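Q: Mind looking at a prediction? Sequence and model below.
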Amino acid sequence: MTGYIIRRCLYAVLILVGVNLLTFTLFFKVNTPDDMARMQLGAKRVTPDAIEKWKADRGYDKPLLYNAGAQGVARFTDTLYVQKSAEMFRFNFGRADDGRDISREIFSRMWPSLALAVPAFIIGLMVNITIALMMAFFRATYLDFVGVVLCVAMMSISGLFYIIGGQYLISKLWNLVPISGYQGGLDAARFVILPVLVGVVSGIGSGARWYRTIFLEEIGKDYVRTARAKGLSETTVLFRHVLKNAMIPILTGAVVVIPLLFMGSLISESFFGIPGLGSYTIDAIQAQDFAVVRSMVFIGSVLYILGLLLTDLSYTLVDPRIRLE
Amino acid sequence: MMPVILWTDALVWLLVAVTVGYFWHVSRHDHLAVPWRRVTHSASGMSGLVVLLCFVLVGLLDSVHVRFAVENKDPKAKSAYSTEVESGLDLLLGHLRTRPEKTYSAPLDTRSFAKELVERPDGKQVREFPRLRHGGIHLKDEAQLPRDLLVTGLRALALGLVAWCALSAFIVLLIARRAGERTAVVWGQVWRGDTEVPWRAVLVTLGVLCAWSFTVAALSVHYHVFGTDKVGQDVLYLALKSIRTGMVIGTLTTIVTLPFGVMLGLAAGYFRGWVDDVIQYCYTTLNSIPGVLLIAAAVLMMQVVLDTHAEFFPTTEQRADARLLMLCVILGLTSWTGLARLLRGETLKLAQLEYIQAAHAFGVGHLRIIMRHILPNVMHIVLISLVMDFSGLVLAEAVLSYVGVGVDPSMKSFGTMINSARLEMARDPMVWWSLAAAFLFMFMMVLSANLFADAVRDAFDPRARTDFRPWRLRMPKLKPGKT
């Protein structure tokens, strides 16, 4: 087991190196610092001096991989790759274009993101499983049919409309909660309720339908027939046997997402004006602040790989038949 | 007149040709036709297909582009062409496009949404809602508006129903001719829903479509059926133009993913060993980068390239089109991983089977085994993912355009429609019609695509067939929960 985890961690590092190289190519080779400077400085007729100055201010005035002008090890370390890209392995992200420290920004914006993402995730999971269980319980009846039709219809609505509809109905028409904004501390609840609600509702369509498929697959298995043959009631079969076994695919599917909750949700954070990591990313994309985008790509992949690792481990925890070798 | 072939046009028509060729091939091979025949037996799938075909028709009409010659006083001069590229749909909807208002106006209204300083005939200046320039201009007295709407609408509705009846009669006659039965018998079967292909559902869908489109078309002659947007453009026109954008993204993206997904997936599953390791490493790496961020990064890069090579694009349409194509390529390059993983798993299983071992024993080469023995057996996965991805991509376009990394802002798409309408949410009274139109068209498009995709999946993947049809099973008498 320990050996397996160590091997997986090494593989994770290898993947991170791949991600790093890929983003480096995208951000420095395809789109050179010159282009970046020209875009940031705005006007079409930028003087070469201005570009050089912009690059020097932000430390982009170094060669890509090999610095012939430097001495010793600095030939390799005093380059864009090491200074801008490899530094990220030490979680040192440098500064954004507006001069703020990115690591600090990420740390302070993490909490609003979590305040929104964690409740939305947990409540969403519970709601989806409940609805899916109901549909599985009443399978092959009109109730199930109506449920599936509703799910397909809800899947077909763009997430943007859920947000717009929720804001209009609950905030504007009924005046229950503020339309957008955020405050720290306990006040956060007032601002977070609506985004959480919208997040849960918009996920029901695909979520409940997916879990229903899992339940129905489980119901068709032999051990369920055995349980019924013993004379157990349908309720007992469903809750004691089917639910427990179906939790394996459901949980392992959900575990991958947990670390990514830190990243927040791009769309709803920017719609509801929550100062989390999602809206940070969107602002960076719209302002074409590549330092921030680069850091968020790196953090995102670290979290995703963490999620994969957790998934593997959770398999062994919930299903003792699986041995990791 | 000079025909303009945009890149996406060429690819869309190529796709149409390939699809037609595929179905011709299928119709000549019975074993390929069986699952498709099963698709035609699903009522929801066929209804979805009918609606989807209407959208495709609009999209294809919008994929033929021309530039008109500018009238030139001097006959000897070289003929110049307008910088505006027009599509077949534009020509068809000329009356919608060439009647801009000043600014917002509500659906079917005769007056503008914003108050303006208007000079009365007696010389007094008053602030009031001015009459629209085009909407309901034929009415002398505005009090006639409801009556005119009702009369025009009902007349068009009646016409639509007549057209529908004629269409239904034609279809039923065709069925009767092919089956060699009496027309009355076929009518009865269709009426009771007793046909193998659910013609009743198809006809009902067609009826709703006919009634709706005739009414809207008739009303759009004199009014703005879905109102106008901020710069006075007809929202119905914007929504119809958006269909092509959504369709292009939904189809071309999957076409880009296919070569990567299929080749790499098959190679990984078939050769195993280090090939598998390398390919798995590649897709895990790509997968681990958050999708939106990777797309955003790539789109930002592409924008720089387009900005620095402005000379390639003589018109804005061509520029926007290049950006749309690049967006499809980027989306495709970042999303082939799912298909590759599915195909790898399936190929791993298939490569162990006896008939593949027999092929090895006969000395058949690797390429031939893959092409002849494995590829045909994983085609259903490719097909399913092709149709299943469509709706997701249409939805993704809206989100990407909102983030600012979607289609060109000058391009009409559902994303840009929602994005510009969103800013008017705070107005009181609210400007809701742009959102409503985008919602309606997008919902219908995605819903029909979803229904059709489900039918295809159920027909091609026997394991996934878990959706019960209560009215077919005739089981409601049973207690709930007992199968």
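A: Sure, I can see it.
Q: Show the contacting residues for A:Gly159.
A: The contact partners of A:Gly159, by CB atoms under 8 Å, 6 or more residues apart in numbering or on different chains, come to A:202, A:267, B:395, B:399. C-beta coordinates here come from the backbone N, C-alpha and C atoms, glycine included.
Q: Of those residues, which is the most crowded?
A: Comparing the contacts of A:Gly159 by number of neighbours (other CB atoms under 10 Å in any protein chain shown), A:Ser202 comes first, having 25 neighbours.
Q: State the distance from that one to B:Arg372.
A: Per CB to CB, to the nearest Å, A:Ser202 is found 45 Å from B:Arg372.
Q: B:Leu342 now?
A: 21 Å.
Q: before we move on, what about A:Thr226?
A: 43 Å.
Q: low-confidence ranges in chain A?
A: For chain A, residues meeting the criterion pLDDT under 70 lie at A:30-31, A:42-45, A:64-65, A:76, A:323-325.
Q: for it, longest helix please?
A: helix A:102-137 (DSSP state H).
Q: now for that one, which elements pack on it?
A: In terms of contacts (3 or more CB pairs under 8 Å, 6 or more residues apart in numbering or on different chains; DSSP states H and E), helix A:102-137 is packed against helix A:142-155, helix A:188-219, helix A:243-255, helix A:266-272, helix A:277-287, helix A:290-318.
Q: 10 Å instead?
A: Judged by 3 or more CB pairs under 10 Å, 6 or more residues apart in numbering or on different chains; DSSP states H and E, the packing partners of helix A:102-137 are helix A:142-155, helix A:188-219, helix A:243-255, helix A:257-260, helix A:266-272, helix A:277-287, helix A:290-318.
Q: How about the backbone phi and psi for B:Tyr223?
A: Phi and psi for B:Tyr223, reported as degrees, to the nearest 10, are phi -130, psi 170.
Q: and residue 20, how many neighbours?
A: Using chain A. Counted with other CB under 10 Å, residues neighbouring A:Asn20 total 20.
Q: I was after chain B.
A: 10.
Q: Kindly report the same for B:Gly246.
A: Counted with other CB under 10 Å, B:Gly246 comes out at 27.
Q: For it, give me its contacts.
A: Shown in contact with B:Gly246 (CB atoms under 10 Å, 6 or more residues apart in numbering or on different chains): B:55, B:59, B:390-391, B:393-395, B:397-398, B:407, B:413-415, B:441-442, B:445-446, B:449.
Q: Buried ones among those?
A: Buried subset of the contacts of B:Gly246 (neighbour count, 16 or more other CB atoms under 10 Å in any protein chain shown): B:55, B:59, B:390-391, B:393-395, B:397-398, B:407, B:413-415, B:441-442, B:445-446, B:449.
Q: Contacting chain A as well, which ones from the residues you listed?
A: Contacts with chain A within those, counted by CB under 10 Å from any CB of the partner chain: B:391, B:394-395, B:397-398, B:414-415, B:442, B:445-446, B:449.
Q: Dump those to TSV, plus pLDDT, distance to A:Thr23 and secondary structure.
A: Listed next are these as TSV, based on pLDDT from 0 to 100; distance: CB to CB, whole Å; DSSP: H, G, I helix; E, B strand; the rest coil:
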residue	pLDDT	distance to A:Thr23	secondary structure
B:Ser391	90	30	helix
B:Val394	91	28	helix
B:Leu395	91	26	helix
B:Glu397	90	24	helix
B:Ala398	88	26	helix
B:Phe414	91	30	helix
B:Gly415	89	26	helix
B:Met442	93	33	helix
B:Met445	94	35	helix
B:Val446	94	32	helix
B:Ala449	94	33	helix
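Q: what's the most distant pair in those residues?
A: Greatest spacing in those, by CB to CB: B:Gly415 and B:Ala449 (16.8 Å).
Q: Surely B:Leu49 touches B:Val197?
A: No: here B:Leu49 does not reach B:Val197: they are 11.1 Å apart, not a contact under CB atoms under 10 Å.
Q: Compare the two (neighbour count), which wins?
A: Ranked by neighbour count (other CB under 10 Å), B:Leu49 and B:Val197 place B:Leu49 first, with 22 against 15.
Q: thinking again about what came up before, and the ones next to chain A among the buried ones among the contacts of B:Gly246 as TSV, adding distance to A:Thr25?
A: Converted to TSV, these look like this (distance: CB to CB, whole Å):
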residue	distance to A:Thr25
B:Ser391	32
B:Val394	30
B:Leu395	30
B:Glu397	26
B:Ala398	29
B:Phe414	33
B:Gly415	28
B:Met442	36
B:Met445	36
B:Val446	35
B:Ala449	35
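Q: For chain A, state which of those residues is nearest.
A: B:Val446 (4.1 Å; CB to the nearest CB).
Q: And B:Val225, how far from B:Val51?
A: From B:Val225 over to B:Val51 the distance is 19 Å, taken as CB to CB.
Q: neighbour-wise, which of these two wins?
A: In this view B:Val225 and B:Val51 are compared by other CB under 10 Å, and B:Val225 has more residues nearby, 23 against 20.
Q: Could you pull up the residues touching that one?
A: Counting by CB under 10 Å, 6+ apart, B:Val225 has contacts B:96, B:107-108, B:135, B:215-219, B:234-237, B:239, B:433, B:437.
Q: Now list the buried members of these.
A: Burial by neighbour count, judged by 16+ other CB under 10 Å, picks out B:96, B:107-108, B:135, B:215, B:218-219, B:234-237, B:239, B:433, B:437 from the contacts of B:Val225.
Q: Not counting sequence-adjacent ones, nearest residue to the residue most central in space within chain A?
A: The centre of chain A sits closest to A:Leu260, judged by CA atoms, centre = their mean, with a distance of 3.7 Å. In space, and not counting its chain neighbours, A:Leu260 is closest to A:Leu303: 5.2 Å by CB to CB, 6 or more residues apart in numbering or on different chains.
Q: that older thread, give me the common contacts of B:Leu49 and B:Val197.
A: Common contacts of B:Leu49 and B:Val197 (CB under 10 Å, 6+ apart): B:40, B:42.
Q: re the thing from before, the residue nearest to the centre of chain A against A:Leu306, yeah?
A: Yes: with contact defined as CB under 10 Å, A:Leu260 and A:Leu306 form a contacting pair (8.9 Å).
Q: residue contacts, the closest residue to A:Lys221 other than its chain neighbours?
A: Counting by CB to CB, 6+ apart, the nearest residue to A:Lys221 once its immediate chain neighbours are dropped is A:Asn245, at 7.9 Å. The neighbours of A:Asn245, taking CB under 10 Å, 6+ apart as the test, are A:214-215, A:218-219, A:221, A:223-224, A:318-319.
Q: could you dump the residues you listed to JSON lines with distance to B:Leu206 and neighbour count?
A: Shown next, in JSON lines, are the contacts of A:Asn245 (distance: CB to CB, whole Å; neighbours: other CB atoms under 10 Å in any protein chain shown):
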{"residue": "A:Ile214", "distance to B:Leu206": "37", "neighbour count": "21"}
{"residue": "A:Phe215", "distance to B:Leu206": "36", "neighbour count": "24"}
{"residue": "A:Glu218", "distance to B:Leu206": "40", "neighbour count": "21"}
{"residue": "A:Ile219", "distance to B:Leu206": "38", "neighbour count": "22"}
{"residue": "A:Lys221", "distance to B:Leu206": "42", "neighbour count": "13"}
{"residue": "A:Tyr223", "distance to B:Leu206": "47", "neighbour count": "12"}
{"residue": "A:Val224", "distance to B:Leu206": "43", "neighbour count": "17"}
{"residue": "A:Val318", "distance to B:Leu206": "50", "neighbour count": "17"}
{"residue": "A:Asp319", "distance to B:Leu206": "50", "neighbour count": "14"}
